[in-house]
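Student: My questions concern the predicted model and sequence given below.
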Amino acid sequence: MEEVKQKYIFVLGREIELCLAEVKAVLEYFGICFDIDSVSDNIAFINLQISADSIKDLAERLSGTTKIFRLCSGESNFDDLYPTILEEMRQKFLIKDFALSSYSDIDLSKINRLGFAIKSNLKKSGRSTRYIELKGSTEVSAPLSKNLYSTKKIEYAVFGREDQYVFGRLVWAYDPDRWSEIDYGKPRSDKMSGMLPPKLARAMINLALGQTKGQDASCLVIDPFCGSGSVLIEAMSLRLDSFGSDISLLAIEDSKVNIEWFAKKFLSLSSIPFSYIDKIDAKSEKLIDSLSPIIVKYDNAILVGEPYLGRPKRESEEMSSVQDEYVLIKKLYLDFLANAAKLAVKPVICLVFPVVETLERKKYDLYAEIVDEIKKLGYIELCTPLVYGRGYQVVKRQICILQLPITKIQ
């Protein structure tokens, strides 16, 4: 199918900077020509040179984007959208059900009046349609959007502010049920050791892949802190081979059970990627010895993981207490990074670092605390760190992407 330049509207998730960074990384990984026209709140207007089929394949890789619309109009006042959307609906003569969302300052009552006006006009011309009235929210819910998208019904959305409005037609919606099942349905998890959310695991893989040679090159995903296997599962979902290890035997057993569960439930037997899992201390020579003969078989390698982030905290603690706790955790990170530097093949490293809110309303930022020591090991920072976490969380995750050049920086 021919690729043409077209403007798409990405509805991003809660972590806007992280979600947008993931979109950019995936586009770069696939070598897709793009330019970001504008970003406002969680709405990104992006010009893409891509086929209609490819946009859906691209979207299925994303974890932080909830919906993608194709722009269908130029800017106008709200009332002038009516004939434009009506004409669009007339051309979709096989469509009987449609819905309208508003990502704008247009309220629910005006959106519903517009929907019913379109329905009434079509009825007068002899065509029966059903407008799915919104109740309580100006946005069609994620499950309903997914249903409309998958059953070839239509969702339109209005975007804009202050008499500068456009509308788009839904071309993709994420599947909330699938993400929920992967998060909560897997047979093994260990809340005490921390659980990397599946969406974040996928985003981290995508961020790291964006720094590699691209989709035509083979790639190994490495997680030396695999826990219950979130990164390994997402690597498998993207049809990438993986190497997982952990110092905990329980974590290794959990990962193996979860990987087997995921493969049986979501993959066909003919498409299950290679996955190696073993009990290994990430700071030990065994990690290098085990990885070395495997990593050389691939064009690219990415190392994605979440080391120990410290004790779970429901309430903030004094800075001095936090600093005392993180003495050993700081050593864990530095010892691991020094060990990873011994690999002959230098993977792109996407690692979670903790950011801790203290009683003094300050932040203990482990990455900032040790970044100079990390650079002395030869690592370079490939992009600005991104923070992931809700406002009330005492310990937030900071996503950092590093790589060790072949020649160390002195």
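Tutor: Structure received.
Student: The chain - how does it break down into domains?
Tutor: 4-176, 177-403 (automatic domain parsing).
Student: Would you mind putting the ones you listed into TSV with mean pLDDT and mean neighbour count alongside?
Tutor: For the C-beta atoms, the positions are set from N, CA and C on the backbone; glycine is no exception. Listed next are those as TSV, based on pLDDT from 0 to 100; neighbours: other CB atoms under 10 Å:
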stretch	mean pLDDT	mean neighbour count
domain 4-176	93	17
domain 177-403	95	18
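Student: just the helices in the stretch 301-410 of the chain please.
Tutor: Using DSSP state H, counting those that start in this stretch, the helices found in the stretch 301-410 of the chain span residues 319-340, 366-376.
Student: likewise the chain?
Tutor: For the chain, the helices defined by DSSP state H occupy 16-29, 52-59, 81-91, 108-124, 142-150, 176-184, 198-209, 230-237, 249-266, 285-295, 319-340, 366-376.
Student: Out of those, which gets nearest to Gly160?
Tutor: helix 81-91 (9.4 Å; CB to CB).
Student: From Ser248, how far off is the closest residue to Arg311 other than its chain neighbours?
Tutor: With CB to CB, 6 or more residues apart in numbering as the criterion, Arg311 has its nearest non-adjacent residue at 6.8 Å, and that residue is Glu325. For Glu325, the distance to Ser248 equals 19 Å [CB to CB, to the nearest Å].
Student: Kindly report the same for Phe93.
Tutor: Per CB to CB, Phe93 is found 59 Å from Ser248.
Student: How about Lys297?
Tutor: Distance of Lys297 to Ser248, computed by CB to CB: 27 Å.
Student: Put the alpha carbons of stretch 294-308 into PDB.
Tutor: What follows is stretch 294-308, C-alpha atoms only, in PDB (Å, rounded to 0.1, in the frame of the first residue of the first chain):
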ATOM      1  CA  ILE A 294      24.700 -15.500  23.300                       C
ATOM      2  CA  ILE A 295      25.000 -11.800  22.800                       C
ATOM      3  CA  VAL A 296      27.500 -12.100  19.900                       C
ATOM      4  CA  LYS A 297      24.900 -13.800  17.800                       C
ATOM      5  CA  TYR A 298      22.800 -10.600  17.500                       C
ATOM      6  CA  ASP A 299      23.300  -7.400  15.600                       C
ATOM      7  CA  ASN A 300      21.800  -5.400  18.500                       C
ATOM      8  CA  ALA A 301      21.400  -5.900  22.300                       C
ATOM      9  CA  ILE A 302      19.400  -3.900  24.700                       C
ATOM     10  CA  LEU A 303      19.500  -4.300  28.500                       C
ATOM     11  CA  VAL A 304      16.300  -3.300  30.200                       C
ATOM     12  CA  GLY A 305      15.600  -3.700  33.900                       C
ATOM     13  CA  GLU A 306      14.600  -2.500  37.300                       C
ATOM     14  CA  PRO A 307      17.100  -3.200  40.100                       C
ATOM     15  CA  TYR A 308      16.100  -3.100  43.700                       C
END
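Student: Does Ser228 touch Asp190 like I think?
Tutor: Yes. Counting by CB atoms under 8 Å, Ser228 does reach Asp190; the two are 5.9 Å apart.
Student: Touching both of the two, which residues are there?
Tutor: Jointly contacting Ser228 and Asp190 under the rule CB atoms under 8 Å, 6 or more residues apart in numbering are Ala251, Asp254.
Student: got the contact list for the residue nearest to Tyr103 when sequence neighbours are not counted?
Tutor: Using CB to CB, 6+ apart and skipping the chain neighbours, the partner closest in space to Tyr103 is Phe159 (5.0 Å). Applying CB under 8 Å, 6+ apart to Phe159 gives the contacts Ile9, Ile43, Phe69, Tyr103, Ser104, Tyr165, Val166, Phe167, Gly168.
Student: Using TSV, lay out the helices of the chain together with distance to Pro224.
Tutor: Output for those, formatted as TSV (distance: least, CB to CB, whole Å):
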stretch	distance to Pro224
helix 16-29	22
helix 52-59	29
helix 81-91	51
helix 108-124	49
helix 142-150	34
helix 176-184	22
helix 198-209	14
helix 230-237	10
helix 249-266	11
helix 285-295	6
helix 319-340	7
helix 366-376	16
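Student: ok, Lys56 touching Ala173?
Tutor: No. Lys56 is not in contact with Ala173 according to CB under 8 Å; the separation is 10.3 Å.
Student: could you redo the helices of the stretch 301-410 of the chain as JSON lines and give each row distance to Asp281?
Tutor: Shown next, in JSON lines, are these (distance: least, CB to CB, whole Å):
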{"stretch": "helix 319-340", "distance to Asp281": "9"}
{"stretch": "helix 366-376", "distance to Asp281": "20"}
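Student: Ala203: which of the ones you listed is closest?
Tutor: helix 366-376 (17.4 Å).
Student: just the angle between that closest one and helix 319-340, please?
Tutor: Angle of helix 366-376 versus helix 319-340, following axes from the mean of the first three to the mean of the last three CA atoms, to 10 degrees, is 30 degrees.
Student: Let's see the pLDDT reported for Thr407.
Tutor: pLDDT, Thr407: 47.
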